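> With the sequence up front, the predicted model follows.
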Amino acid sequence: MARGSFPILFITATNIGDAVLASGLIKRLADEIPNARFTIVAGPAAAPLFGFVPNLDELIVFAKQKDGSHWFDLWRKVRRRRWGLVVDLRGSAISRLVSTKRRAVHRKLVGEPIHKVMEAARVLKIEDQPAAPYIWTSPEVEAYAADLTAGQGPILAMAPAANWVGKTWPLERFSRVAMKLLGTGGPLQGGRLMVLGAPGDRKTTLGLKDCVPRHRFIDLAGQVDLVTSFACLKHARLFVGNDSGAMHLAAASGAPTLGLFGPSDDRRYAPWGPNARLVRGGRSFEEIMSGDPGSAQAVCHMMDLSVDRVYEAARALLAATEPKKTAPSQS
């Protein structure tokens with residue numbers, strides 16, 4: 001470690017979505033502490049998001065063990081260092097057992113739910129200026145993403161999978177929306193379809209391959225890492241997907257993002273950003289939960305979200321984010 005540096009231990013969330021939503025804190029710390037050096041702790045799924053963080057000393061992959069030994073393993077890795085700051089978004093005991101000048105530890109909030117970006121900001125007491133999600137890439141990753149997305153026509157990105165069946169909109173409805181948007185008379189007529197997902201999502205995502213001709217189908221599901229997916233999303237004209245890590249990556253990339261919501265609390269998990277919107281069926285989150293408190297009917301939670309409702313929301317988002325045309329110069 002460089003002399004005079006300020007070592008920061010940053011313990012982030014396990015899942016991809018929460019890790020994306022809290023990622024802006026790292027950017028904020030990097031901007032405000034020029035000599036900061038980072039050791040980042042993340043779960044196996046989310047860890048690849050942080051591979052290009054500047055001044056990264058170590059990326060510790062934190063895999064849970066049934067016997068709880070993962071906490072002891074982590075403590076052994078970090079206990080010998082004197083930290084300048086420990087940021088613990090899991091509110092674990094580790095932050096109290098290591099030597100540090102300052103601790104910023106997540107505490108369970110009471111009262112009305114707030115967005116996860118705001119919740120993360122409160123850990124560092126910067127809730128008046130929440131740190132928007134931020135993912136670092138590299139010139140090589142950006143070049144690779146440009147190659148993967150090269151071609152003619154706007155890109156419609158979709159992520160039809162989710163980590164729970166209750167949050168998953170039917171694949172057949174994704175197909176119909178894609179064909180309406182990309183087909184004759186659609187706002188993205190002649191465009192391309194890019195699908196994203198984890199390796200285990202390929203059976204689902206490949207169900208969309210017949211929506212467009214083969215040369216207009218970009219298959220990223222299980223084919224590229226998270227940071228490459230993020231870089232590819234920067235080239236998308238529109239993203240449509242369930243409440244998932246991919247949705248939060250899309251919003252962080254700046255792509256116009258439409259999140260499809262059912263049994264997710266949009267007060268906490270709405271896609272974050274000026275070009276992000278959400279759409280749900282006729283029921284609010286509270287109505288869904290009160291009608292099925294035990295989630296026995298989880299497979300039905302997204303069924304009241306119609307194709308027409310999603311299509312119209314997508315059209316409205318495209319219109320709201322239409323690039324401004326530059327007026328011809330007067331000679």
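Perfect, thanks for sending it.
> how far is stretch 187-195 from where the chain is centred?
Relative to its chain's centre, stretch 187-195 lies at 22 Å (C-alpha atoms, centre = their mean, to the nearest Å).
> List the buried residues in stretch 11-25.
Residues 11-14, 16-25 are the ones in stretch 11-25 that count as buried (16 or more other C-beta atoms under 10 Å). For every residue, glycine as well, the C-beta is placed using N, CA and C.
> same thing with stretch 41-50?
41, 42, 43, 45, 46, 47, 48, 49, 50.
> thought residue 25 was touching residue 124?
Yes - judged on C-beta atoms under 8 Å, residue 25 makes contact with residue 124 at a distance of 6.1 Å.
> which neighbours do these two share?
Residues touching both residue 25 and residue 124 (C-beta atoms under 8 Å, 6 or more residues apart in numbering) are residue 87.
> quick revisit: now, the buried residues of stretch 41-50 that are in strands?
41, 42 (DSSP state E).
> Just name the closest of the buried residues of stretch 41-50 to residue 320, please.
Checking these against residue 320 with C-beta to C-beta, the nearest one is residue 49 at 28.0 Å.
> Verify the stated contact: the closest one with residue 16.
Yes - at 7.2 Å, residue 49 counts as touching residue 16 under the criterion of C-beta under 8 Å.
> which neighbours do the two share?
residue 226.
> what helices or strands is the helix or strand where residue 259 lies leaning on?
Using DSSP states H and E, residue 259 sits in strand 257-261. Packing contacts for strand 257-261, counted by 3 or more C-beta pairs under 8 Å, 6 or more residues apart in numbering; DSSP states H and E, involve strand 238-242, helix 245-253, strand 276-280, helix 307-320.
> now the strands for the stretch 51-200 of the chain?
56-61, 85-88, 103-105, 155-159, 192-195 (DSSP state E, counting those that start in this stretch).
> just to revisit the earlier point, how about the buried residues of stretch 11-25, which pair is most distant?
Comparing every pair within the buried residues of stretch 11-25 by C-beta to C-beta identifies 14 and 24 as the most remote, at 18.0 Å.
> Which of the buried residues of stretch 11-25 fall within strands?
Using DSSP E, the members of those that fall in strands are residue 11.
> Many thanks, I have nothing further to ask.
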